[in-house]
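**Student:** sequence? don't have it. structure:
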Ligand SMILES: *Cc1c(COP(=O)(O)O)cnc(C)c1O
């Protein structure tokens, strides 16, 4: 090697090659999800009259339509708030100081909701999760049976926990409550799951459903939702935690339309929500659920192949308890922070961080909302490229497995034998 060659080699090694990230940046975090262009465009409008005309009609239309999204005949409420605000709205309208609630842990979020309850003066008991598993309905039944005096006034759970990516069986927990013959209100956080996976508020006997705008509903953060069934509205009349702002009774009395929002409606967000609900209606809610199933299956197909001892693995142990909206991947000996940095800075893909106890030992792939195969396959392929680039151990290429999974859901008619030369997934 000549001196000139050596100099050249040193220089190419030392200089960082240009980043490949320029292009459409992919946000793969589990909320806020990708906001569709149609929804963003719908927000860019002049402020309307809030007392009469188009805005009022639009808002009434939205309130009339919202029950169908949660599959309920209950009353919908829209708060100018994020999910935490909707949590507080649900609590203050149904409970009184000193009441006791049972929080069903399955990750981070139900516990967080319980922490909000505690600050309000509610006594909180946590039914601990089985590690890396969904809530056990049998344990719920046993705890409620033991509460002979019916001190527990509400049972609180999330449908999908966004930190652990556990998917709880809401209908099975209802059955457990009924089997124990317990009258507690059943309150479900669907912030990460509504508009992603099947949810049947009335058929499953849920009294209060809580959601936010920025995940499956494809609207920027800023709207919190509650749906209240008849038992919840009855509890509302007795609840001494009710406050002026969140109060369901004041928000549902006849009068000026702005009372629905306890003040000026969040007009730009309502324009956005109208557009998002139109998109869901055009696709069909069941088709939205089916699309999430197909995309989640592709994610799981890739993660399953990547998994290897000492490397990546699913956080959720039971395959049936893995959610269709978010996947938490444990990183074992692989540096999770470095993986995310490589994806973000070198390739234009932002992955979700490990939350709470998962900090530094997991990443999350959000697969909720406005998402299709090129977006999810691009995400998976980019993660795989980063893993290979880092020299991380992986069990194999998950990309072919993800493509095969998507292929089965494309609904195409076969025109050949499907043989691909040199291809051995
Ligand atoms: C995102 C999320 C929340 C919190 O919502 P914010 O809008 O951030 O307040 C609560 N519960 C679940 C299940 C979530 O996914």
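**Tutor:** Yep, it's here. Source: prediction; values computed, not measured. Numbering: from 1, shown residues only.
**Student:** Near the ligand, which residues of the stretch 51-200 of the chain are found?
**Tutor:** Neighbours of the ligand within the stretch 51-200 of the chain, by CB under 6 Å from any ligand atom: 82-84, 109, 158, 162, 189, 191-192. From N, CA and C alone the C-beta is placed, and that goes for glycine too.
**Student:** how about low-confidence regions in the stretch 301-425 of the chain?
**Tutor:** Scanning the stretch 301-425 of the chain for pLDDT under 70 picks out 417-425.
**Student:** Over in it, which residue gets nearest the ligand? Let me know.
**Tutor:** Residue of the stretch 301-425 of the chain nearest the ligand, by CB to the nearest ligand atom: residue 326 (7.9 Å).
**Student:** and if you look at the stretch 1-150 of the chain?
**Tutor:** residue 83 (2.4 Å).
**Student:** Nearest residue to that residue in space, ignoring adjacent ones along the chain?
**Tutor:** Closest residue to residue 83 in three dimensions, ignoring its sequence neighbours and counting by CB to CB, 6 or more residues apart in numbering: residue 212, at 3.8 Å.
**Student:** circling back: now the residue of the stretch 301-425 of the chain closest to the ligand, which residues is it bridged with?
**Tutor:** Residue 326 forms beta bridges with residue 366, as assigned by DSSP bridges.
**Student:** count of residues packed around residue 65?
**Tutor:** Neighbours of residue 65 under the rule other CB atoms under 10 Å: 16.
**Student:** give me the element it is part of.
**Tutor:** Element membership for residue 65 (DSSP states H and E) is helix 54-70.
**Student:** Going by neighbour count, list what's buried in stretch 17-30.
**Tutor:** By neighbour count with 16 or more other CB atoms under 10 Å, stretch 17-30 contains the buried residues 26-30.
**Student:** Would you check that residue 299 makes contact with residue 366?
**Tutor:** No - judged on CB atoms under 8 Å, residue 299 makes no contact with residue 366 at a distance of 9.9 Å.
**Student:** Tell me how far the residue of the stretch 1-150 of the chain closest to the ligand lies from residue 215.
**Tutor:** Going from residue 83 to residue 215 by CB to CB, to the nearest Å gives 9 Å.
**Student:** so what sits against both of these two?
**Tutor:** Listed as contacting both residue 83 and residue 215 by CB atoms under 8 Å, 6 or more residues apart in numbering are residue 191.
**Student:** Tell me, how many residues neighbour residue 284?
**Tutor:** Per other CB under 10 Å, the neighbour tally for residue 284 reads 11.
**Student:** For it, give me the backbone phi and psi.
**Tutor:** Here is the backbone geometry of residue 284 (degrees, to the nearest 10): phi 100, psi 130.
**Student:** what does the helix holding residue 65 rub up against?
**Tutor:** Applying CB under 8 Å, 6+ apart, the external contacts of helix 54-70 come out as 48-50, 73-76, 78, 190, 194-195, 199, 201, 209, 211, 217, 225, 227, 257, 260, 265, 267, 270-271, 273-274, 277, 280, 285.
**Student:** and residue 191, what element?
**Tutor:** Residue 191 is located outside every helix and strand, with elements delineated by DSSP H and E.
**Student:** Tell me who's in contact with it.
**Tutor:** With CB under 8 Å, 6+ apart, residue 191 has these contacts: 31, 83, 86, 109, 158, 162, 210-212, 215.
**Student:** Including pLDDT, secondary structure and neighbour count, could the residues you listed go into TSV?
**Tutor:** Formatted as TSV, those follow (pLDDT from 0 to 100; DSSP: H, G, I helix; E, B strand; the rest coil; neighbours: other CB atoms under 10 Å):
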residue	pLDDT	secondary structure	neighbour count
31	95	coil	22
83	98	helix	27
86	98	helix	28
109	97	helix	24
158	98	strand	31
162	98	coil	28
210	98	strand	29
211	98	strand	29
212	98	strand	28
215	98	coil	28
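**Student:** Of those residues, which is the nearest to residue 392?
**Tutor:** For those, the closest approach to residue 392 (CB to CB) belongs to residue 162, at 24.7 Å.
**Student:** Could you double-check that the closest one lies in contact with residue 354?
**Tutor:** No - with contact defined as CB under 8 Å, residue 162 does not reach residue 354; the gap is 11.5 Å.
**Student:** Show me what residue of the stretch 201-350 of the chain gets nearest to the ligand.
**Tutor:** For the stretch 201-350 of the chain, CB to the nearest ligand atom, closest residue to the ligand: residue 212, 4.3 Å.
**Student:** who's that residue bridged to?
**Tutor:** For residue 212, the beta-bridge partners are residue 224 (DSSP bridges).
**Student:** That one against residue 225, yeah?
**Tutor:** Yes - using CB under 8 Å, residue 212 makes contact with residue 225 at a distance of 7.0 Å.
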